[in-house]
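just coords:
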Ligand SMILES: Cc1cc2nc3c(=O)[nH]c(=O)nc-3n(C[C@H](O)[C@H](O)[C@H](O)COP(=O)(O)OP(=O)(O)OC[C@H]3O[C@@H](n4cnc5c(N)ncnc54)[C@H](O)[C@@H]3O)c2cc1C
């Protein structure tokens, strides 16, 4: 079955060098495989084999397969959000989707699509402030700030393992670090199973509560 589809995105340009990274677990990767876009997503990111949890004092609390059951050969992929957006947009366009950026649909516009029988199906993947949810459930509670915040950035010159996502727990937050998916020398480091050749690729992230 084929169908015409249009995608509306409020941001003028959601791809490009914006945002931080995202990790996709095995179930999400299998969904991408069903859509035929697993290889370009894997190529845009970095396979991360293990997840390690550390106490603030440096004690290893846990070491588990990252985002998958043990024995699952499909490894979690970490990539920059913008790269994921680029891959998915390219694939959607290839399959014939019309992508309209810089166009924010409010509840009135959505109602026109819905009530006016313009669309047979509306998928509201529009995030925490979803206009689609407001249309369907006008009395649903509004999201409220829970006091959490995140800062992320890239550090260079570190000697870290190439295939582990690390979480170090502090009293009121956690410090996360993972090899950078955007490092230009990533393929060589991964092949050597070490970041030593360039010593310049780790994404660090802190998350805390106020
Ligand atoms: C710091 C942080 C780290 C995270 N890390 C991970 C992770 O590693 N792995 C993971 O699986 N999840 C992670 N998450 C959660 C994940 O980001 C969200 O669950 C996911 O992005 C939600 O997807 P979504 O499509 O519902 O909304 P969003 O990703 O928010 O996308 C909504 C899109 O719709 C657009 N939009 C909104 N309203 C309108 C409108 N009215 N008209 C047109 N366009 C509109 C927005 O511009 C946006 O592009 C993380 C979240 C945070 C905050």
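Arrived safely. If you're wondering where the values come from, they're calculated on a predicted model, not measured in any experiment.

now do the same for the residue in the chain that the ligand sits nearest to: helix, strand or coil?
Relative to the ligand, the nearest point of the chain is residue 127 (2.8 Å; CB to the nearest ligand atom). To be clear about C-beta, it is placed using only N, CA and C from the backbone, and glycine gets the same treatment. Three-state assignment for residue 127 (DSSP: H, G, I helix; E, B strand; the rest coil): coil.

near it, how many other residues are there?
Residue 127 has 11 neighbouring residues, counting by other CB atoms under 10 Å.

in contact with it, which residues?
Contact analysis of residue 127 by CB atoms under 8 Å, 6 or more residues apart in numbering lists nothing.

from residue 46, how far out is it?
For residue 127, the distance to residue 46 equals 25 Å [CB to CB, to the nearest Å].

do the same with residue 150
Using CB to CB, we find residue 150 at a distance of 20 Å from residue 46.

do the same with residue 60
In this view, residue 60 and residue 46 are 22 Å apart by CB to CB.

now name the helix or strand holding the residue nearest the centre of the chain.
For the chain, residue 22 is the residue whose C-alpha lies nearest the centre (CA atoms, centre = their mean; 3.0 Å). In the assignment (DSSP states H and E), residue 22 maps to strand 21-24.

avg pLDDT for that strand?
Per-residue pLDDT over strand 21-24 has a mean of 91.

elements contacting the helix or strand just after that strand?
Tracing the chain C-terminally past strand 21-24 and defining elements by DSSP H and E, one meets helix 26-34 next. On a contact count with 3 or more CB pairs under 8 Å, 6 or more residues apart in numbering; DSSP states H and E, helix 26-34 meets helix 38-44, strand 76-80.

most tightly packed of the ones you listed?
Highest mean neighbour count among the helices and strands packed on helix 26-34 (mean count of other CB atoms under 10 Å): strand 76-80, with a mean of 23.
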